[in-house]
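Student: below are the sequence and a predicted model; questions follow.
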Amino acid sequence: MKATIALAGNPNAGKTTFFNALTGARQHVGNYPGVTVEKKEGTCIHNSSEFNIVDLPGTYSLTAYSPEELVARDFIVKEKPGVVINIADASNLERNLYLTLQFKELGVPVCIALNMMDVAKKRGIEIDISKLSKLMQTPVIPTVARTGQGKTELMSQTDTIVRENKEVLPLEISYGDDIDPAIAEMEDAIIKRNFLTETYPAQWIALKYMENDEQIKSAGDSADADFSAMLDGIVKRVSDHTLATLDLYPEAIIADHRYGYIRSVIKQGVIKYRHNRNRLHISDKIDQVATNRFAGPLIMVAVIFALYHFTFTYSAMPVGWIEALFGWLGSVADANLADGMLKSLIISGVIDGVGGVMGFVPLIMFMFFGIALLEDSGYFARVAFMLDRVFRIFGLHGSSVMPFIISGGIAGGCAVPGVMATRTLKSPRERMATLLTVPFMNCGAKLPVFAVLVAAFFADNEAEVMLLITLIAWAGALSVAKLLRITVIKGPATPFVMELPPYRLPTFKGLAIHTWERTWQYIKKAGTIILGISIILWAMMTFPGLPNTESQKFDNMRKQLKAAALPSTILETDSISDNGKLSEPAKTLKEQLTALDSREAEAALKFSVAGRMGTALEFFSSWAGFDWRTNIALVGGFAAKEIVVSTLGTAYSLGAVDSEETGSLSEVLAKSPDWSPLTAFSLIVFMIFYAPCFVTIVSIIRESGSWKWGVFSMAFNTLLAFILATIVFQVGSALELLGG
Ligand code: GDP
Ligand code: MG
């Protein structure tokens, strides 16, 4: 049997880094409390035994105040892991031991991984390991998760604990004269009644009732309401007394005593400081400038602008290579496949569809690399910290920042994990407002659409326009959040304290893993979902073909053209494909025939299922400047935003049959008479705001607990997007801006 090992600890203590070191699994490493809300599992082999490792969300406590705490606690209590490895930040020992103490109170097998020993050392903090271990009655292994130092010792210790399988008794600490007797009284009653004892230790249940823990109390209510009420009565008696005498609730007194316990452990010579503690750390010095009220925001904008500049400048060349590769694949397919459905499917459905998306892999990779750099260095948390001030104005929370950034607040995220990351928000109203507005961010799937349009129409100002797009997305998201917070989700704001982790030099390995895992997700999506939808859309754009009477007309026109020409000219046109070597009349004939082919293809596209849908929508969409082709792409975008690019690609390559003429999509759009920079801009605005993709809607429904919010965001966002795009297009056209 594989033993299960849980990695638990405060946010940023290094759990995920350790998890990666132990399992070799690829996983997100962030610098912000609460990124790891989901449970991550992996396997670790040590001395030929296998362990199932679980990376729990970061928590400061085991109360039921936040979803992370509940997730972590439930896992430990219900799954009963063989060992809880408590990753504690050695440079912040006192605060980290608060959680350790709660594991001890719960009576689970714990092993402390005293992490960040390198940081502690640099700060002149010396820790007496054996003393700490003795006082906490827990094995302690010093580690540096980033280099894997201490990993083997830790696993050996874990292995020993699992093998010995000793019963662990809950640690009894004193919570003072008011509380201790009451807890003892409750504990006795709980044991006699066997109240919830198959799941939790009796003393712990008593403690939780005393701490007013909602989850345990409601479990108690459903098990035996009368008994639960009796326990509550005892708690009420104690809290009336403590409120009268000390002006404190029992939970506060319990927390005080825990801190006291830890302080006394530390005071017994566990920590020695090598130099003056009050000296400013380098991080604090950097923050004096980086989060300065005036310089901070300027630096932030400059950093983000630099990120875009870096991304667009350096990715241009590899993007070109990939486009060339798919272009070559297309011409190979064109030359080797017989005309017909299969050829059309392969070229228009598969190669153009997937190629359109894959072309952006280098761009996305560069962007992700830049973001990983900001994230791993700790600058990201500063961005969140600074934006916090702004967020409050809009009825959101400092913790809303992370979901926004994960969803693509800087660029290239995904709203699905963004929606899930809102779980860290403790206030339900701010959480709903965040949840409903994160889809406005520029996720990795919208990026390629913007990139095509920007390259086609704003080639001289790519970075500036990208920055503008980001600002529009943020302004829109914040305004909508404010709107929601004063209408459908009214209510007061929640107080909040935000914390800044120290700056750290990112490791190349960390950056590489980060970049690759995100890029790979994107590639996988292109290869599976996108390919599937691309093929379905191809079918919708191909069937039913033109009715026979219609194709007959085109055939007749072709015949007429040929009948008017000399036999030698026709022979020449049919046999030689190179325009340059043709005689004048043959060249003209060929051009006329090609134009006819294009017209037929366009007529067929318009006649197809998708074409009819697009045409039907044109009545409205023309107000925003979108033609039926764009409509097809936008309808496809409901499934996944990447589809917009691939569908535009397919729509325009189906229209232009002459393969020598099909350049990259950007070139085609730039040349098209139906498009102007204004149309492109209107489409950009629409793209930012319209309905979230299918998977995001599912997540919204799941996280909000109601399908109504899913429907709301689909309808509201699309309407909003349409109104905004219409305003852009109409005002732009009236003022003749951007070529409109
Ligand atoms: P988690 O929130 O507990 O999962 O913490 P992470 O694993 O995401 O680590 C937070 C940050 O600390 C990352 O930037 C890691 O690279 C860094 N880190 C983790 N362990 C160590 C360590 O032992 N020493 C140093 N210097 N940095 C570390
Ligand atoms: Mg983590």
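Tutor: Looks like it came in fine. Numbers count the residues shown, from 1 in each chain. Ligands and ions are numbered 1, 2, ... in the order given.
Student: count of neighbours near the single nearest residue of the stretch 251-400 of the chain relative to ligand 2?
Tutor: Using C-beta to the ion, the single residue of the stretch 251-400 of the chain nearest to ligand 2 is Glu375, 11.7 Å away. Every C-beta, even on glycine, is put in place using the N, C-alpha and C of the backbone. Glu375 sits with 25 neighbouring residues when counted by other C-beta atoms under 10 Å.
Student: and it, how far from Ile205?
Tutor: 40 Å (C-beta to C-beta, to the nearest Å).
Student: before we move on, what about Lys524?
Tutor: 46 Å.
Student: Lys267: how many residues sit nearby?
Tutor: Lys267, neighbours per other C-beta under 10 Å, totals 9.
Student: swap in Ile727?
Tutor: 14.
Student: for it, pull up the helix or strand it's in.
Tutor: helix 707-734 (DSSP states H and E).
Student: and what of Lys343?
Tutor: Per DSSP H and E: helix 341-344 holds Lys343.
Student: residues touching the helix or strand just after that helix, excluding its own?
Tutor: Downstream of helix 341-344, the first helix or strand assigned by DSSP H and E is helix 352-358. When contacts are defined by C-beta atoms under 8 Å, 6 or more residues apart in numbering, helix 352-358 is touched by residues 322-323, 326-327, 329-330, 448, 523, 526-527, 530-531, 534-535, 537-538, 642, 645-650, 653, 665.
Student: so how far is helix 352-358 from its chain's centroid?
Tutor: 23 Å (C-alpha atoms, centre = their mean, to the nearest Å).
Student: does ligand 1 sit close to the helix or strand that it is followed by?
Tutor: Going down the chain from helix 352-358, the next helix or strand is helix 361-377, by DSSP H and E. Yes. Residues of helix 361-377 are located near ligand 1 by C-beta under 6 Å from any ligand atom, namely Asp376.
Student: can you tell me which helices and strands helix 361-377 packs against?
Tutor: With contacts taken as 3 or more C-beta pairs under 8 Å, 6 or more residues apart in numbering; DSSP states H and E, helix 361-377 sits against helix 295-336, helix 379-393, helix 446-457, helix 508-525.
Student: show me what the shortest one is packed against.
Tutor: Going back to what we said before, that points to helix 446-457. helix 361-377, helix 462-486, helix 642-655, helix 665-671, helix 677-689.
Student: quick revisit: how about the helix holding Lys343: buried residues?
Tutor: By 16 or more other C-beta atoms under 10 Å, the buried positions in helix 341-344 come out as Ser344.
Student: same deal with stretch 673-692?
Tutor: Buried-residue list, stretch 673-692, by 16+ other C-beta under 10 Å: 675-692.
Student: what do you get for stretch 713-725?
Tutor: Result for stretch 713-725 [16+ other C-beta under 10 Å]: buried residues Ser713, Met714, Phe716, Asn717, Thr718, Leu720, Ala721, Phe722, Leu724, Ala725.
Student: for these, name the two members farthest from one another.
Tutor: Ser713 and Ala725 (17.5 Å; C-beta to C-beta).
Student: tally of neighbours for Arg599?
Tutor: Count around Arg599 with other C-beta under 10 Å applied: 14.
Student: any idea which element Thr138 lies in?
Tutor: Here Thr138 is assigned to no helix or strand, by DSSP H and E.
Student: surely it and Ile112 touch.
Tutor: Yes. With contacts counted by C-beta atoms under 8 Å, Thr138 reaches Ile112, the gap being 5.4 Å.
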